[in-house]
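1. here you go, sequence then predicted model.
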Amino acid sequence: MQIDIIVAYIPRYRKGHLRTFVPPLTGIHLAALTPPQHEVRVIHQKVEPIPFDSDADLIAISTQSGFAPAAYRIAAEFKRRGKTVIGGGPHVTFCEDEAARVFDSIVIGEAEAVWQAMIADAEKGLLKARYVGGPCAMEGLPSPRYDLLPDAFFVKRVVQATRGCPFSCSFCSVPSLNPGFRMRPVADVMRDITYNHFKRWWQRKLVWFWDDNLLADRRYAKELLRAMIPHKKWWLTQASIDIARDEELLDLMQESGCIGIFLGIESFHQNALQQAHKQHNRIEEYRRCIALLHERGICVMAGFIAGFDSDTPASIVAMSDQLFDIGVDVPFLSILTPFKGTALHDTFEQEGRLIPQRGWEFYNGFNVAFTPANMDADELKEAHRQLWTKAFSLRHCVGRLLRSTHRLRLGAFLMTLCMNGFYGLKALRRNTPANMCDGIPSTTEATVPSDGTHPVGLMPSHV
């Protein structure tokens, strides 16, 4: 049987991506779990067209909420052509009744426990309408099918060592999507880290950990980092800012080749951190924590969110200079998004703050799907656009790079150069985040069977 695994996407920038840094792990992980007697390929809509003329017997589509309209359109077209279509991913997990109207079968939760049984059922013509996967055991998971990735990705070695997160941020669906905090055996992780069949030297050198909080369990993290030291890789991941309180961990990060760490800092306002359920972030420690990472030559990428109840348009735009001042090397700037499966969504739904006319395409981190407290939705969007444009202005990008020349190790500097250049070029080309209220590209319009209560097309955000 031939299986196509498709990762759906809707462009989040006005002119799309010319090239992207790293592929999502989902497609190549599911491909590795597929029994060897089946032929499988992985298609990322972000970087390549969907092959609707495919000879595949089974189409599996994974989607997040912001890309659900694209996933629904793809499913509808394949079904029109007589294909069997399966849906999965975070959006399907949290919106299963809606998704069940679109796909022939859906996977709820983590797919590992049900993937092979589902394929066997499909081969026999006995596909069930729903498959429910629980939290999987992390032992014995295969290495991802890196050989199936197209050349469009700058980094190809994505590795997952842990799953889940011990924190419960109000805007994050990870605790309900991936319950608990689970760790793969270090030996299994090292097998993926030492895989070197890549064309380019930097793809052999770089390891991008696809973890929500890789360093949360200090004992495990230190064991993993010690095992990595002899292999002389460069690696990146995301973690919580409290790692800076553990000097031994920081030293091991340096020795094992860490060149970049993404920290979810989120806000400079204490009220916002309380709304985010991130009391473990301490604003007065931001500068010191970043400096400790810089002392070890590590690039600091930091996520900040606009739209908390304490935010105003002026305070959002002011974050650009604040980010520069505390030493962030690469800012990641998003809009507060009440994804299904989060405490934030439940709160906004109870308060009547979700905007019912705004469909799933607004749930992409760059658009507004709720009514803010101190401004209207358009004012929040505009403040975010001003923040983004200023943060990636020539002055700020060059300033960050000049600082990096004397405080970052070579790999970290190259990462800072690439990422500031990537986003700085977007700003120069006015390739800013796309405004979904102006409409989305026709190639991502969805055709969704209506149950009579919801409009055909882009599903409303409150479904």
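-> That came in fine, so what should we check first?
2. bridged to L354, which residues?
-> Beta-bridge pairing for L354 (DSSP bridges): F370.
3. what about it, distance to F370?
-> Distance, L354 to F370, by C-beta to C-beta, to the nearest Å: 6 Å. Yep, even glycine has a C-beta here, placed from its N, CA and C like the rest.
4. what about the stretch 1-150 of the chain, any weak spots by pLDDT?
-> 17-19 (pLDDT under 70).
5. just the helices in it please.
-> For the stretch 1-150 of the chain, applying DSSP state H, counting those that start in this stretch gives helices covering 26-33, 68-80, 90-94, 96-100, 115-124.
6. can you redo the ones you listed as JSON lines with mean neighbour count and distance to Q2?
-> Shown next, in JSON lines, are the helices of the stretch 1-150 of the chain (neighbours: other C-beta atoms under 10 Å; distance: least, C-beta to C-beta, whole Å):
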{"stretch": "helix 26-33", "mean neighbour count": "21", "distance to Q2": "12"}
{"stretch": "helix 68-80", "mean neighbour count": "23", "distance to Q2": "13"}
{"stretch": "helix 90-94", "mean neighbour count": "24", "distance to Q2": "22"}
{"stretch": "helix 96-100", "mean neighbour count": "19", "distance to Q2": "23"}
{"stretch": "helix 115-124", "mean neighbour count": "16", "distance to Q2": "11"}
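7. any chance of those in JSON lines with distance to W360 as columns?
-> Converted to JSON lines, the helices of the stretch 1-150 of the chain look like this (distance: least, C-beta to C-beta, whole Å):
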{"stretch": "helix 26-33", "distance to W360": "18"}
{"stretch": "helix 68-80", "distance to W360": "4"}
{"stretch": "helix 90-94", "distance to W360": "7"}
{"stretch": "helix 96-100", "distance to W360": "9"}
{"stretch": "helix 115-124", "distance to W360": "24"}
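8. minimum distance to S315: which of the ones you listed has it?
-> Nearest to S315, of all those, is helix 90-94, at 30.1 Å by C-beta to C-beta.
9. centre of the chain to that closest one, how far?
-> On the basis of C-alpha atoms, centre = their mean, to the nearest Å, helix 90-94 sits 14 Å off its chain's mean C-alpha point.
10. quick one on the thing from earlier: so which of the helices of the stretch 1-150 of the chain is nearest M183?
-> helix 26-33 (16.4 Å).
11. so who does the residue lying closest to L148 once chain neighbours are set aside touch?
-> Leaving aside its sequence neighbours, L148 sits nearest to V42 (C-beta to C-beta, 6 or more residues apart in numbering; 4.6 Å). Listed by C-beta atoms under 8 Å, 6 or more residues apart in numbering, the contact set of V42 reads 5-7, 27-28, 31, 145, 148-149.
12. same check on E284?
-> So E284 contacts nothing (C-beta under 8 Å, 6+ apart).
13. per-residue pLDDT, it?
-> Per-residue pLDDT puts E284 at 93.
14. what sits against G260?
-> 236, 298-301, 330, 412, 415-416.
15. and whichever strand or helix holds it, what's its mean pLDDT?
-> In this structure, G260 sits in strand 258-266 according to DSSP states H and E. Average pLDDT, strand 258-266: 97.
16. quick one, strands of the stretch 51-200 of the chain?
-> All strands of the stretch 51-200 of the chain, identified by DSSP state E, counting those that start in this stretch, fall at 58-62, 84-88, 105-109, 130-133, 158-159, 162-164, 181-183.
17. want to throw these into CSV with distance to H38 and mean neighbour count?
-> Below are the strands of the stretch 51-200 of the chain laid out as CSV (distance: least, C-beta to C-beta, whole Å; neighbours: other C-beta atoms under 10 Å):
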stretch, distance to H38, mean neighbour count
strand 58-62, 9, 27
strand 84-88, 14, 24
strand 105-109, 16, 22
strand 130-133, 17, 16
strand 158-159, 22, 23
strand 162-164, 25, 23
strand 181-183, 27, 19
